[in-house]
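S.K.: Output the structure for:
(chains A and B)
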Amino acid sequence: KAGVTQTPRYLIKTRGQQVTLSCSPISGHRSVSWYQQTPGQGLQFLFEYFSETQRNKGNFPGRFSGRQFSNSRSEMNVSTLELGDSALYLCASSSRTPNTEAFFGQGTRLTVV
Amino acid sequence: GDSVTQMEGPVTLSEEAFLTINCTYTATGYPSLFWYVQYPGEGLQLLLKATKADDKGSNKGFEATYRKETTSFHLEKGSVQVSDSAVYFCALRSNTGNQFYFGTGTSLTVIP
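M.R.: Numbers count the residues shown, from 1 in each chain, chains lettered A, B, ... in the order given. Predicted coordinates for the structure are as follows:
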């Protein structure tokens, strides 16, 4: 079955702009989580969506937001971009069946200039 | 709260050397434990997993045993190859929720 699809793969934005990233999970998976990965901070949890509702949230400012649609596809939005938002943004899809793993997309590389 | 502590890197080894990457965890209950691998420019891929105490996960010559008494899940490989060069992440999934917790990652470079 198809894996986790993230679009776009690469983005270059200017400070102050906003950006929307998209993630299509594995068919049948209703949980989508987002992570920010940077060389200095490693892998940091942003938020998790399940059944169109945010279930968990990491320690990020309100400029970072997300949503999930009825088909389980998810988007995350970052407003008023800062240079420090440059990172690889990873989406992970999972089922809520206990003991199962998360499946990751290839990520979106965001560069803020 | 739940957390994972992973051996700091980077680690550089010669081909055919023995690899150990240490991972310990803190969790309530009985989490599932995972090792993920990330190649340059890619997302994380599941390498192996273990879902209960004393389980051994294995894949591609890598092994890790779920040790509840020492709250550890160390990754080992008997003979590394250049193609094993990547970043390795230890992770746990709480059995009380859906959140995954990741270690900071260990960069491995294998030189010929």
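
S.K.: Spell out which parts of chain A neighbour chain B.
M.R.: Chain A has residues A:4, A:6, A:31, A:33, A:35, A:42-43, A:45, A:48, A:50, A:55-56, A:90, A:92, A:94, A:96, A:98-107 near chain B, with proximity defined as Cβ under 8 Å from any Cβ of the partner chain. From N, CA and C alone the C-beta is placed, and that goes for glycine too.

S.K.: Restrict those to the buried ones and give me that as a PyMOL selection.
M.R.: Buried residues within the residues of chain A next to chain B, by 16 or more other Cβ atoms under 10 Å in any protein chain shown, are selected in PyMOL with:
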select buried, chain A and resi 4+6+31+33+35+42+43+45+48+50+55+90+92+94+101+102+103+104+105+106+107
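
S.K.: helices or strands up against the lowest-mean-pLDDT helix or strand in chain B?
M.R.: Sorting the helices and strands of chain B by mean pLDDT, DSSP states H and E puts strand B:100-102 at the bottom, at a mean of 91. On a contact count with 3 or more Cβ pairs under 8 Å, 6 or more residues apart in numbering or on different chains; DSSP states H and E, strand B:100-102 meets strand A:42-50, strand B:3-6, strand B:86-93.

S.K.: Switch the ones you listed over to TSV; also include mean pLDDT and distance to residue B:74.
M.R.: As requested, the helices and strands packed on strand B:100-102 are exported to TSV (pLDDT from 0 to 100; distance: least, Cβ to Cβ, whole Å):
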stretch	mean pLDDT	distance to residue B:74
strand A:42-50	92	19
strand B:3-6	94	10
strand B:86-93	96	9
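
S.K.: looking at these, which is buried most?
M.R.: Across the helices and strands packed on strand B:100-102, averaging neighbours per residue (mean count of other Cβ atoms under 10 Å in any protein chain shown) puts strand B:86-93 on top, at a mean of 24.
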